[in-house]
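# based on what follows, work out the 3D shape:
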Amino acid sequence: MERKRATLKDVAQLAGVSFPLVSKYVNQDPRGRMSAETRKRIADAIQKLGYRPSSAARALRGGHTGMLGLVVSNFTNPYFAHFADAALQEASRYGFQLLISLCHHGKEEEMHALEELLSRQVDAILCYENLSEILEQNPPPGLRHDMLLLMEQHSEEYVTASIDLARSVDEAVRFLGERGAGKVTLALSSSAGWVRPAEAGCIRHRLSFTRLLIPSPREEATEALRRLCEAAPPAVLLNGMRNATTLLSLIRREFPGYRPAVVTHCNFCTELLNDPLLAGVIYSDTAELVRRSVTAAVELARSGRIENVVIPSQFIPQSDFHRIRLPEGRIGLTGSA
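Sure thing, here's the model as predicted:
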């Protein structure tokens with residue numbers, strides 16, 4: 001049988017003091033003058049009962065709970081695990097806790113993830129899932145426009161944190177064309193941030209292209225990339241390091257004669273850089289994205305007002321991979337761009 005959660009009334013009864021006195025002690029009210037002995041009795045009662053202040057009650061008193069939420073699909077993608085770990089550390093610098101809500105793809109799970117965080121009275125939510133359909137048609141009760149930060153998504157209504165890909169993707173496409181690739185397969189997940197500049201770059205540099213949508217579930221993504229290998233296009237531009245790792249692994253295991261020029265996004269994993277098929281990477285600084293996104297979420301929590309966050313990216317060809325390093329657990333660049 002689940003133990004009943006201790007209340008302030010229980011603490012007051014065990015300590016043998018009044019309820020208002022315990023309330024002032026817990027809330028650190030400067031008007032709550034009391035002797036050292038009384039403070040000790042209250043502290044001992046709190047420890048014995050395992051009393052924890054309610055986040056909802058704190059929210060009612062001060063307007064903030066000191067908690068941020070993060071919605072991600074799952075940690076099988078190492079990028080999300082890396083991002084979440086860095087975000088936890090960054091949030092703690094501001095004195096905030098970060099609650100992580102995992103959801104697989106599907107409207108019901110996405111709605112549940114949001115509702116779970118809202119029930120915990122978080123002050124702001126960073127969201128890596130594309131919730132456009134839910135937000136447009138059936139937003140959960142309690143979700144305000146001034147508390148949601150959409151990660152790497154486009155929105156006219158909500159604050160966003162994204163990577164500026166226009167120039168770097170265009171440079172990558174031009175680079176592939178200069179290497180003699182007359183046709184490029186754009187193996188992209190549903191991210192307008194990639195699709196638009198990639199297609200525009202192919203048109204600008206007069207390269208024919210085929211777009212291949214890579215689904216999010218891992219098994220379906222692997223099958224889509226296997227079909228890509230069977231078609232054997234001369235050049236591939238793809239987003240998502242997990243997709244890049246899967247593609248290169250498939251080529252090594254099942255299609256050893258296929259030698260495409262591959263360009264992908266790289267923001268924290270240097271293992272990819274050792275593969276000779278990798279012609280170049282589009283680099284962005286994950287640490288900066290984390291730092292500025294969490295800062296924006298904290299500002300949302302405190303004031304409800306913040307500008308969109310945009311960080312730069314750059315195309316780095318294979319010949320310059322030596323400039324990419326991994327200092328102190330994150331990717332960085334040696335030298336100037």
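# so which elements touch the helix or strand harbouring Trp194?
In the assignment (DSSP states H and E), Trp194 maps to helix 192-204. Helix 192-204 sits against helix 166-178, strand 183-188, strand 208-213, with contacts defined as 3 or more C-beta pairs under 8 Å, 6 or more residues apart in numbering; DSSP states H and E. (Each C-beta comes from the backbone N, C-alpha and C, glycine too.)
# which of the ones you listed is buried the deepest?
Per residue and on average, the most neighbours among the helices and strands packed on helix 192-204 fall to strand 183-188, with a mean of 22 (mean count of other C-beta atoms under 10 Å).
# give the pairing partners of it; include direction for each.
Strand 183-188 pairs in its sheet with strand 208-213 (parallel), strand 235-238 (parallel), by DSSP bridges.
# of the ones you listed, which is nearest Glu223?
Glu223 lies closest to strand 208-213 among the strands paired with strand 183-188, at 11.6 Å (C-beta to C-beta).
# ok and that closest one relative to helix 166-178, angle-wise?
120 degrees (axes from the mean of the first three to the mean of the last three C-alpha atoms, to 10 degrees).
# next helix or strand past strand 208-213?
Using DSSP H and E, the first helix or strand after strand 208-213 is helix 218-231.
# just the strands in the chain please.
67-72, 97-102, 124-127, 148-151, 159-163, 183-188, 208-213, 235-238, 261-266, 278-283, 309-311, 314-317, 324-325, 332-333 (DSSP state E).
# please tabulate the ones you listed in TSV, including the columns distance to Ile251.
TSV is the format used below for these (distance: least, C-beta to C-beta, whole Å):
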stretch	distance to Ile251
strand 67-72	28
strand 97-102	31
strand 124-127	34
strand 148-151	30
strand 159-163	26
strand 183-188	13
strand 208-213	15
strand 235-238	10
strand 261-266	9
strand 278-283	11
strand 309-311	31
strand 314-317	20
strand 324-325	22
strand 332-333	28
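# how about CSV for these, with distance to Glu37 and mean pLDDT added?
Formatted as CSV, the strands of the chain follow (distance: least, C-beta to C-beta, whole Å; pLDDT from 0 to 100):
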stretch, distance to Glu37, mean pLDDT
strand 67-72, 34, 90
strand 97-102, 33, 88
strand 124-127, 41, 90
strand 148-151, 47, 86
strand 159-163, 50, 88
strand 183-188, 67, 93
strand 208-213, 69, 92
strand 235-238, 67, 94
strand 261-266, 61, 89
strand 278-283, 61, 92
strand 309-311, 51, 91
strand 314-317, 64, 94
strand 324-325, 58, 69
strand 332-333, 55, 45
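# which among those is found nearest to Leu117?
Of all the strands of the chain, strand 67-72 sits nearest to Leu117, with 3.6 Å by C-beta to C-beta.
# helices or strands up against the closest one?
Contacts defined by 3+ C-beta pairs under 8 Å, 6+ apart place strand 67-72 against helix 78-93, strand 97-102, helix 107-119, strand 124-127, helix 286-303.
# out of these, nearest to Asp10?
Evaluated over those, closeness to Asp10 peaks at helix 107-119, with 23.4 Å, by C-beta to C-beta.
# which parts of that closest one are buried?
The neighbour-count check on helix 107-119 (16 or more other C-beta atoms under 10 Å) flags Glu110, Met111, Ala113, Leu114, Glu116, Leu117, Leu118 as buried.
# farthest-separated two in those?
Top of the distance list for these (C-beta to C-beta): Glu110 and Leu118, 12.8 Å.
# list residues touching both of these two?
Residues touching both Glu110 and Leu118 by C-beta atoms under 8 Å, 6 or more residues apart in numbering: none at all.
# please name the residues that touch the residue nearest to the spatial centre of the chain.
With distances taken as C-alpha atoms, centre = their mean, the residue of the chain nearest its centroid is Tyr128 (4.9 Å). Under the criterion of C-beta under 8 Å, 6+ apart, the neighbours of Tyr128 are Leu70, Val71, Val72, Ser73, Phe80, Phe83, Met151, Glu152.
# format those as a markdown table; extra columns: neighbour count and distance to Ile311.
Listed next are those as a markdown table, based on neighbours: other C-beta atoms under 10 Å; distance: C-beta to C-beta, whole Å:
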| residue | neighbour count | distance to Ile311 |
| --- | --- | --- |
| Leu70 | 27 | 18 |
| Val71 | 23 | 20 |
| Val72 | 22 | 18 |
| Ser73 | 19 | 21 |
| Phe80 | 18 | 17 |
| Phe83 | 23 | 13 |
| Met151 | 20 | 11 |
| Glu152 | 19 | 10 |
